[in-house]
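Asks: Need a 3D model of the following:
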Amino acid sequence: MNATPGQKADGIFPTCSAVHRTVLVGGMSKPQLLIELRRSGVELNDAARLLFAHDGFTTLPTGVNFTTIELSVGNLGCTRGATIARVHARAKELGLSLCPLELAPHLRLQFLEQPEGHLGHPPSSHRAPPGSLTVASQQLTDDDETPKGFYLRRVAGTRWLRGYRSGAEHRWNPEDRLVFCHGQ
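Replies: Down below sits the predicted model:
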């Protein structure tokens, strides 16, 4: 996986600080992915397990490289935050696309040295945790009981792949970090 910083510290994509990565996705079944996550010391929450169990979560039979970009909601021009529908629409306007759901577990396996996210921050609720990295993907259903996607987090040295739930009206904060596909 390759990572290089972007151009400026602030601003709107493409002239903002961003992290570009190449993520190899595919070549493993869901059970094989779960085994590799366990071997790598990655923990899953119940929502992540539900996503893995969902029939709509499929895997690619062979490996494909995806170019991704990590940036903040504010870097998309949503400087006061926005709903996920607005975040996704704005990303599309800027030439970015949603990632396949399978990308998140592969990114977790290839990004094991994620910095700690909780140090110096109070616990969060109803928002993306500090230091987390949400993979922007198409949700499997409109059902509020089904988790919407995955995020990566590292807490007290433990690597996590976590599923999350959020309603359509939830506002993402400008500093929340997301990963999109770029150039696919």
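Asks: nearest spatial neighbour of the residue most central in space within the chain, skipping sequence neighbours?
Replies: Nearest residue to the geometric centre of the chain (CA atoms, centre = their mean): residue 135, 1.7 Å. Leaving aside its chain neighbours, residue 135 sits nearest to residue 104 (4.1 Å; criterion: CB to CB, 6 or more residues apart in numbering). In short, each C-beta sits where N, CA and C put it, glycine included.
Asks: what's the distance between the one you found and residue 76?
Replies: With the distance defined as CB to CB, to the nearest Å, residue 104 ends up 19 Å from residue 76.
Asks: So between those two, which is more surrounded?
Replies: Neighbour totals were compared for residue 104 and residue 76, and residue 104 leads with 28 against 25 (other CB atoms under 10 Å).
Asks: ok, back up a step: tell me if I'm right that the residue nearest to the centre of the chain and residue 106 touch.
Replies: No. Under the criterion of CB atoms under 8 Å, residue 135 makes no contact with residue 106, lying 9.8 Å away.
Asks: follow-up on the earlier one: quick check on the residue nearest to the centre of the chain: phi, psi?
Replies: phi -90, psi 120 (degrees, to the nearest 10).
Asks: how much space between it and residue 11?
Replies: The spacing between residue 135 and residue 11, counted by CB to CB, is 23 Å.
Asks: Check which residues of the strand ranked longest in the chain are buried.
Replies: Using DSSP state E to define each element, the chain has its longest strand at strand 64-72. Buried residues in strand 64-72, counted by 16 or more other CB atoms under 10 Å: 66, 68, 69, 70, 71, 72.
Asks: From those residues, pick the one nearest residue 180.
Replies: residue 69 (5.6 Å; CB to CB).
Asks: can you count the residues close to the nearest residue to the closest one once chain neighbours are set aside?
Replies: Spatial nearest neighbour of residue 69, excluding adjacent residues (CB to CB, 6+ apart): residue 182 at 4.5 Å. By the criterion of other CB under 10 Å, residue 182 has 21 neighbours.
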